[in-house]
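Asks: have a look; sequence and predicted model below, questions after that.
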Amino acid sequence: MPSDKLSITLSALADPTRRGILARLATGEATVTELAAPYDMSLAAVSKHLKVLEHAGLISRSRDAQWRPCRLEAGPMRDVAGFLENYRKFWEESLDQLEAYLADLQKFDPDAGRH
């Protein structure tokens with residue numbers, strides 16, 4: 001099992017159900033029952049997903065009598081965004097190089113863009 005924060009966060013985000021739960025929580029707090037509603041799974045199964053998200057620091061739970069709302073904690077996603085930022089720069093540079101290459105090709109064959 002991964003031990004660094006980024007790996008734990010990426011592992012939690014790897015599951016589509018957990019990403020769906022996070023998307024729902026982005027609109028506001030929700031109970032386990034509310035979070036489970038769109039899924040064809042037991043409350044226990046949804047609770048397991050919530051434990052993974054909570055372990056990753058992506059959600060928090062509070063207690064208000066019998067009500068235990070879950071809340072999105074987006075801080076760990078900032079680390080993921082920072083990690084991915086390096087790759088965005090790589091792809092932008094690669095696309096800029098491709099654009100320059102294609103422009104050079106068109107200098108030699110002005111009809112190249114029309115084929």
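Replies: Now that the structure is in, tell me what you want to look at.
Asks: which helices and strands does the lowest-mean-pLDDT helix or strand in the chain pack with?
Replies: Least confident helix or strand of the chain, by mean pLDDT, DSSP states H and E, is helix 75-108 with a mean of 87. Judged by 3 or more Cβ pairs under 8 Å, 6 or more residues apart in numbering; DSSP states H and E, helix 75-108 is in contact with helix 5-13. C-beta here means a position set from N, CA and C on the backbone, and glycine is covered the same way.
Asks: convert the C-alpha atoms of the helix it packs on to PDB, please.
Replies: Output of helix 5-13 as PDB, limited to C-alpha atoms (Å, rounded to 0.1, in the frame of the first residue of the first chain):
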ATOM      1  CA  LYS A   5       0.400  11.500   0.100                       C
ATOM      2  CA  LEU A   6       0.400  11.900  -3.700                       C
ATOM      3  CA  SER A   7       0.200   8.100  -4.200                       C
ATOM      4  CA  ILE A   8      -2.600   7.800  -1.700                       C
ATOM      5  CA  THR A   9      -4.500  10.600  -3.400                       C
ATOM      6  CA  LEU A  10      -4.000   9.200  -6.900                       C
ATOM      7  CA  SER A  11      -5.000   5.700  -5.700                       C
ATOM      8  CA  ALA A  12      -8.200   7.200  -4.100                       C
ATOM      9  CA  LEU A  13      -9.000   9.100  -7.300                       C
END
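Asks: thinking again about what came up before, can you list the buried residues in the least confident helix or strand of the chain?
Replies: By 16 or more other Cβ atoms under 10 Å, the buried positions in helix 75-108 come out as P76, M77.
Asks: report the angle between that helix and helix 5-13.
Replies: 90 degrees (axes from the mean of the first three to the mean of the last three Cα atoms, to 10 degrees).
Asks: and helix 75-108, how far out from the chain middle?
Replies: 20 Å (Cα atoms, centre = their mean, to the nearest Å).
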